[in-house]
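Visitor: mind folding the following:
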Amino acid sequence: MMASFRESMLTSLFLECEMRRNEAGSMARRNWERDELIRVLLLYYELPFGQLHSRNPRVRELAEEIGRTANAVALKMVNFASLDPTIQQKGMANTSALDKEVWHDFFTNIDSYVSEEARATRDDGKLCESPLEPLELDVSREETERVGWSSSRRGQQRFRNAVLASYDNRCAISGIADTRLLVASHIAPWAANVGRRLDPRNGICLNCLLDKAFDVGVISITPEYRLVFSPSASTDDIEKISKNGVDFRRPNRFLPDPDLLRQHGQRFGFC
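Guide: Below is the predicted model of the structure:
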C-alpha cells in the first residue's frame, strides 16, 4: 500500500513537472552544473516526499538562488527520486549520467556534503555569523551544576528532518505522530560510524521510548524489517512496549540499510 502511494505520488509529480517543462519548451536551456545538482539533492534529502513540487517556497527560493525555474528544480528532484532504490517505479524520469554520478558521490560522502552545508547556514535556515560552530563553555554558578564544554553536532537537525520526512512524521512502529515525541534514531551510533552519521539510511523514526529501547538493545530490527525483542526483556515489558503494535512501517524513501541493521543485532547479541 505504501509502495503504491509512493509510486502514484512520484508519477503525479513527474507528470506535473513534465507538463510545465513542455509549456516552457521554447525557453533557452542550459546544462546543469555539478554544484547546482548538489544543492538540489541537499533539498531533496530534507524535504518530505509530497513536497517535491514547484509550488513549494523552498523549491522556489533555491530556484531563484541558482538561476533556474522552480519547475526545473522540481523536475530535477523527481529525477533524483527515480534513482532512489527504495522507490520501485523506474524509467519515468530523464536522469543524466551526471545526475547518477552526483547521486552516488553524495551518498558515498554524505557526512561531508551535509555538514559542509551546515557550516554556511544554521539548522533553522538562517546564515551563521561564523562558518564554524565553536565549542561553548557551559558555566554555572550553582553548586549542583558543573562547568564543562559542549558542542553541537553539525548537520544533526538536517538528519532529523530527512528521517522524519521519510516516515511522514510518524514512528515506524507505534505510529505516534507528535513530532515532540519523535527521534531520528541512529542505527549505527554517531561515534561508531564516521562517514554515515548523516545518512538517512542510518536512521529510523522512533518515539522516545522505542528510541531508548533500540539504543540499549532491548529491541532490534532485522534486515528483513521485523521488530525483535532481546531475551533479557521481561514478558511484562514486552507486552507494554507492544501495545501500540510491533509491525515496522517502511518509509517513503531512504529505507534503512540492512547491513547496518544486521550490525545492530550483532552488537546486542540478537544474531
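
Visitor: just the helices in the stretch 1-150 of the chain please.
Guide: 2-23, 34-46, 57-66, 70-81, 97-108, 110-120 (DSSP state H, counting those that start in this stretch).

Visitor: hey, least reliable of those by pLDDT?
Guide: Ranked by mean pLDDT, these bottom out at helix 2-23, which scores a mean of 53.

Visitor: now L206: which helix or strand?
Guide: strand 203-207 (DSSP states H and E).

Visitor: could you give the mean pLDDT of that strand?
Guide: If you average the pLDDT values across strand 203-207, you get 97.

Visitor: run through who's touching the helix or strand just after it.
Guide: The helix or strand immediately downstream of strand 203-207 is helix 208-216, counting by DSSP H and E. For helix 208-216, contacts defined as CB atoms under 8 Å, 6 or more residues apart in numbering pick out 171, 173-174, 181-183, 185, 204, 206, 218-221, 241, 264. C-beta: built from backbone N, CA, C; applies to glycine.

Visitor: which other helices and strands does whatever helix or strand comes next after helix 208-216 contact?
Guide: Using DSSP H and E, the helix or strand that follows helix 208-216 towards the C-terminus is strand 219-221. Packed against strand 219-221 by the contact rule (3 or more CB pairs under 8 Å, 6 or more residues apart in numbering; DSSP states H and E) you find helix 208-216, strand 227-229, helix 258-267.

Visitor: so which of those is nearest V78?
Guide: helix 258-267 (26.2 Å; CB to CB).

Visitor: so who does Q51 touch?
Guide: Contacts of Q51 (CB under 8 Å, 6+ apart): 58-59.

Visitor: for the contacts of helix 208-216, which one is nearest I38?
Guide: I204 (25.8 Å).

Visitor: just the element for V183, please.
Guide: strand 182-186.

Visitor: just the CA trace of that strand, in PDB.
Guide: Extracted C-alpha coordinates of strand 182-186, given in PDB (Å, rounded to 0.1, in the frame of the first residue of the first chain):
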ATOM      1  CA  LEU A 182       9.800  11.500  17.800                       C
ATOM      2  CA  VAL A 183      13.600  10.800  17.400                       C
ATOM      3  CA  ALA A 184      15.700  10.300  14.400                       C
ATOM      4  CA  SER A 185      17.300   7.200  15.900                       C
ATOM      5  CA  HIS A 186      20.700   6.200  14.600                       C
END
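
Visitor: ok, and what's touching it?
Guide: 159-160, 162-164, 169-171, 176, 193, 197, 202-208, 210-211, 214-215.

Visitor: pLDDT wise, what is the spatially most central residue of the chain at?
Guide: Centrality entry for the chain: nearest residue to the mean C-alpha point is A162, 2.5 Å, by CA atoms, centre = their mean. What the model reports as pLDDT for A162 is 95.

Visitor: from here on, call the first residue 780.
Guide: Done: numbering now begins at 780, and the last item shifts to A941.

Visitor: circling back: which among the contacts of strand 961-965 end up buried?
Guide: Taking 16 or more other CB atoms under 10 Å as the criterion, what is buried in those is 938-939, 941-943, 949-950, 955, 972, 976, 981-986, 989-990, 993-994.

Visitor: fine, thanks again, bye for now.
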